[in-house]
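Asker: Could you work out the structure for the sequence below:
(2 chains)
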Amino acid sequence: MEKTIRSVFIGEVCDLPEKLGKTVTIGKKEVAVFKMENGTITAIENRCPHKGGVLAEGILSGEYVFCPMHDWKISVKNGKVQAPDVGCVQTYPVQVKGDQVYVLIRE
Amino acid sequence: MIKQKLVLIGNGMAGVRAIEEVLKINPNGFEITIFGMEPYPNYNRIQLSKVLQGGTSVSDITLNDWEWYDGNKIHFYPGETVTAINTNTQTVSTNKGRIESYDKLIIATGSNPFMLPLPGADKEGVKAFRNIKDCEEMIEYSKNHKKAAVIGGGLLGLEAARGLLNLGMEVDVIHIHNYLMERQLDRTAGKLLQAELEKQGMKFLLQKNTTEITGRKHVTGLKFSDGSRIKADLVVMAVGIKPNVALAQAAGIPVNRGILVNDYLETEIPNVYAVGECAEHRGIAYGLVAPLYQQGQVLAKRLCGIQAEGYQGSVLSTQLKVSGVDVFSAGKINEDEHTKVYKMYDDWNGVYKKVLIEGGKIAGAVLFGDTKDGNKLFDFIKKGARIEEYLESSESVNIEVNVVASMSDEELICGCNGVTKGNIVEAIKANGLTTVDQVKGCTNASRSCGGCKSLVSDLLACTLGEHYQADQKEAICGCTTLSRDEVLEEIREKGLTHIREVMNVLGWKTDGCSKCKPALNYYLGMIDPLKYQDEREARYVNERMHANIQKDGTYSVVPRMYGGVTTSDDLRKIADVADKYKVGMIKVTGGQRIDLLGVYKEDLPKIWGELDMPSGSAYSKGLRTVKTCVGENFCRFGTQDSIGMGIRLERKFEGLNTPHKVKMAVSACPRNCAESGIKDVGVVGVEGAWEMYVGGNGGTHLREADLLFKFKSGDELVEVIGAFLQYYRESAKYLERTSAWVERLGIDRIREILSDELMVREFNKRIDEALSVVQDPWKEAIHNKTLLRDLYQTVKI
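Answerer: A predicted model of the protein is given here:
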């Protein structure tokens, strides 16, 4: 089957809380959408590779989110887990058109 | 330069350790080839019993993974057996027809299980316990067979027996001596061990000499010399091991019990070395890991041409842990006419300690039940220390440091994350680490439960010597070099008002982290409770959401029940809400409230609205609950109105932010049903007075509370509790419980400060100010649209 990329409208920029994550469920996928202090919006899988913690509820500092379960530090930009832990989470490209925020999902 | 060809026969712990040592000294000196009979990389044979017990895979006990071989450019032939050595042509040949030449050859063929030559020993169902294949076969066996017999009550036999027990088999252990592990333990310890293992379900047949394994094709039982019999459909022979010398012997290398080696692990044939269980040094073939590692080091130096002292033989120590039973022994174990004994036997707790002294010097030791002195004693035995030295060290306050110093590199410091002493020391040296936090960041040690922090600190002290200052200034976190006190001073002096400002002005190296942001949020709020705007995004999820997150991302809801007292109306509301929102579980908490578990984030505000009860703050770094006993109104022993006092305290201090959670309790008599002795603030009513205890803790670091004061009047009690809490708020580090804080400041100093009426009044003024802005967070959330949208609503597409 051919894979397609779907652009999913998730809300307006002002609907997203500052310096926090938002839980967005798209079909069966759960995505954590973050609005960083500098306004950048990113989206990653809402699941810590360690024990499945919900990353949307973590403390966001700069480009890193700290998992609320066991404090793993993960980049919300590239999904990379920071040392001394290892691993990565899936990232999803985000498009902002005017006030509207879209997450691109490969299906 | 042409590299010398180094060939290792035997991919086990001893041989591979020798190669590791060689690589450490001279990473590029040799072209290395390793042959291993088993199709696995080098694994930890000591932990085989874990594989047998199930739940542990081969990869969990692997010591050097496949990448290690690749990374060190080692030619590795797993599952390939060397069948002959030609010492003239300096070549080895294998069962796969390969011929490999060597400049240096290490034989590390280990040992074979010793199989008793009994009639019937060749029947199906008779096994050894030596390698992964044995384990796999036994696991398979346990699926359709019930009764196992282990011949041999030594180290290996007991480990096998424990594993089989875990696999659900009935296990008889047959031992020829009259107590277990007679080579490592004395009679008393052997009998204690037996009793403990019997409790776990093992059965023992002692002083039994097996004469025959019965059955036709398949084993059905054992027959003993006294004529008795037992049934068994699996027999594991664990009577001992014998060095595997066949290959060496066939090649004409001199052997006795093992392959004969000198102090440099050289055999009598040039360029051929032997190491580990297959080698015999000064008449001894060792079967434990520590000597093998020592041999590996000596051998590596020899191969690399480094002048060093040869191997002098090892004093042995044994440490066994069979599901919670700790035993240790080293050196001499049984008394004779030359020895004197220092002995301690605590029958009640099952602790036994025996130290053997010969000519005033420690010659051996047997420990049962409590083996934490094991390493220290072992060190003393090795250096021939006098008994006085041991006895003095046991009393010395520096004992902790000594404990760390005498640990072996393989010993675990952090049990949660599996970090050994060796890992930590290496990290300290390689990366120039100087603080516990740096060690944590680099190795993960002390990151989970934190119980090993003091050990890590001791290790830093040991490794860095005088360069380490234990009471060094402790930075808030890795984002800054400033300590808590320095940051607070700067905030006050410069009038800083929010987190971003603090980070910018004080030169934070990052955008903050999960440690400093909540801490700064607390400090800023504590310094100026009236003006500070709490920054929710800097709070840990539970405090941000006012609910406790669970492992699956749902939350729990705990409404407040002042003093643990509720009403039928409230219970009805709770029941209705639980039904309506289909909560996963309703549980009574340790703090005398009711917990609704498994609530979805979106439902939190709805549930709070329908409950119409205040938040129980079960999530907060603040006052949790005041636990109470029934008190004088009902209880025949009660001397005070504990419920009334508990409710009064809870109403006064609810919603207060503190550096860490604060639990309180009020009991109405010294029977202390509310457990005031393990609370941050515990009150005990006595006839005509209240006792105030502080700094208790029933959690990770169990601590009995200290008695601070005794008051005649309840008003006075409440006032001093207020002062105590404010003093704690102002001087504790964020996330420092009162137990640690009381210990750091000293109870005497706290008592002195709080004896000053003026101070008490000032503290109360400031705490009242902080309490004046407290709002019920649940009510606040359900009436604030922005909060509802930002925190509780999810997007579903």
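Asker: Domains in chain B, by residue range?
Answerer: Taking automatic domain parsing as the domain assignment, the ranges for chain B are B:4-111+B:243-303, B:126-239, B:317-395, B:412-467, B:484-539, B:542-611, B:623-772.
Asker: Figure out which of these is closest to chain A.
Answerer: Across the domains of chain B, chain A has its closest neighbour in domain B:484-539 (3.0 Å, C-beta to the nearest C-beta). (Glycine included, C-beta is placed from N, CA and C.)
Asker: dump the residue contacts of B:Gln793.
Answerer: Contact analysis of B:Gln793 by C-beta atoms under 8 Å, 6 or more residues apart in numbering or on different chains lists B:Glu602.
Asker: meant to ask about B:Lys679, not that
Answerer: Per C-beta under 8 Å, 6+ apart, neighbours of B:Lys679: B:Lys627, B:Lys663, B:Met664, B:Ala665, B:Tyr693, B:Gly696, B:Gly698, B:Ala705.
Asker: Considering those residues, which possesses the most neighbours?
Answerer: Using other C-beta atoms under 10 Å in any protein chain shown as the neighbour test, these are led by B:Ala665, with 31 neighbours.
Asker: which strands and helices sit next to the strand or helix carrying it?
Answerer: Element membership for B:Ala665, per DSSP states H and E: strand B:662-667. Applying 3 or more C-beta pairs under 8 Å, 6 or more residues apart in numbering or on different chains; DSSP states H and E, we find strand B:662-667 packed against strand B:623-628, helix B:642-653, strand B:681-686, helix B:714-731.
Asker: my guess is B:Asn42 meets B:Leu8, correct?
Answerer: No - using C-beta atoms under 8 Å, B:Asn42 makes no contact with B:Leu8, being 10.4 Å away.
Asker: Count the residues that sit near the residue in chain A positioned nearest to chain B.
Answerer: Nearest residue of chain A to chain B, counting by C-beta to the nearest C-beta: A:Gly62, 3.0 Å away. The local packing of A:Gly62 (other C-beta under 10 Å) involves 16 other residues.
Asker: Can you name the residues that contact it?
Answerer: A:Met36, A:Glu37, B:Thr510, B:Asp511, B:Gly512.
Asker: So the third one, which state does it fall into?
Answerer: Read that as B:Thr510. Recorded secondary structure, B:Thr510: coil (DSSP: H, G, I helix; E, B strand; the rest coil).
Asker: quick one: contacts of stretch A:90-101?
Answerer: Against stretch A:90-101 from outside (C-beta under 8 Å, 6+ apart): A:7, A:9-16, A:31, A:33, A:41-45, A:77-79, A:102-105.
Asker: how long is that stretch end to end?
Answerer: From its first residue to its last, stretch A:90-101 covers 19 Å (C-alpha to C-alpha, to the nearest Å).
Asker: and what of stretch B:201-216?
Answerer: 29 Å.
Asker: pLDDT averaged over stretch B:326-333 - what is it?
Answerer: Stretch B:326-333 comes out with an average pLDDT of 86.
Asker: Kindly report the same for stretch B:298-311.
Answerer: Rounded mean pLDDT across stretch B:298-311 is 91.
Asker: most packed of the helices and strands packed on strand B:662-667?
Answerer: The highest average neighbour count among the helices and strands packed on strand B:662-667, using mean count of other C-beta atoms under 10 Å in any protein chain shown, belongs to strand B:623-628 at a mean of 27.
Asker: Name the strands paired with that strand and say parallel or antiparallel.
Answerer: strand B:662-667 (parallel) (DSSP bridges).
Asker: Quick one: distance of the strand it pairs with to the chain centre.
Answerer: 31 Å (C-alpha atoms, centre = their mean, to the nearest Å).
Asker: Can you name the residues of chain A that neighbour chain B?
Answerer: Residues of chain A lying close to chain B by C-beta under 8 Å from any C-beta of the partner chain are A:8-11, A:15, A:17-20, A:22-27, A:33, A:37, A:51-54, A:57-64, A:66, A:68-71, A:73, A:83-85.
Asker: repeat that with 6 Å
Answerer: Chain A comes close to chain B at residues A:8, A:10-11, A:17, A:19-20, A:23-26, A:54, A:57, A:59, A:61-62, A:66, A:68, A:71, A:84, as judged by C-beta under 6 Å from any C-beta of the partner chain.
Asker: hmm, back to that, buried subset of the contacts of stretch A:90-101?
Answerer: A:10-11, A:15-16, A:31, A:33, A:41-45, A:79, A:102-103, A:105 (16 or more other C-beta atoms under 10 Å in any protein chain shown).
Asker: Just give me the closest of those residues to B:Ile306.
Answerer: A:Gly79 (47.2 Å; C-beta to C-beta).
Asker: My guess is that closest one contacts A:Asn46. True?
Answerer: No - A:Gly79 lies out of contact with A:Asn46 (C-beta atoms under 6 Å); the separation is 11.8 Å.
Asker: Surely A:Arg6 forms part of a helix?
Answerer: No - read with three-state DSSP, A:Arg6 is strand and lies in no helix.
Asker: helix/strand/coil for residue 38?
Answerer: With no chain named, the answer covers chain A. coil.
Asker: Can you tell me how far it is from B:Met169?
Answerer: According to C-beta to C-beta, to the nearest Å, A:Asn38 and B:Met169 sit 63 Å apart.
Asker: more neighbours, these two?
Answerer: Taking other C-beta under 10 Å, A:Asn38 and B:Met169 do not tie; B:Met169 has more neighbours (21 against 8).
Asker: what's the burial count for the closest residue to B:Glu124 other than its chain neighbours?
Answerer: Closest residue in space to B:Glu124, ignoring its immediate chain neighbours: B:His218 at 4.4 Å, by C-beta to C-beta, 6 or more residues apart in numbering or on different chains. Applying other C-beta under 10 Å, we find 12 residues neighbouring B:His218.
Asker: With the one 10 residues further on instead?
Answerer: The local packing count at B:Ser228 equals 10, with neighbours defined by other C-beta under 10 Å.
Asker: Equivalent analysis for the one 4 residues further on, please.
Answerer: Taking other C-beta under 10 Å as the criterion, the count of residues near B:Ala232 is 28.
Asker: Report pLDDT for it.
Answerer: 94.
Asker: Up against chain A, what does chain B have?
Answerer: So chain B meets chain A at B:444, B:511-514, B:517, B:537, B:541, B:549, B:553, B:790, B:794-797 (C-beta under 6 Å from any C-beta).
Asker: cutoff 8 Å now
Answerer: For chain B, the residues found near chain A under the criterion C-beta under 8 Å from any C-beta are B:441-444, B:448, B:500, B:510-514, B:517-518, B:536-541, B:544-545, B:549, B:551-553, B:601, B:789-791, B:794-797.
Asker: returning to that earlier point: now the two most distant members of the buried ones among the contacts of stretch A:90-101.
Answerer: Farthest pair in these, by C-beta to C-beta: A:Asp15 and A:Gly79, 23.2 Å.
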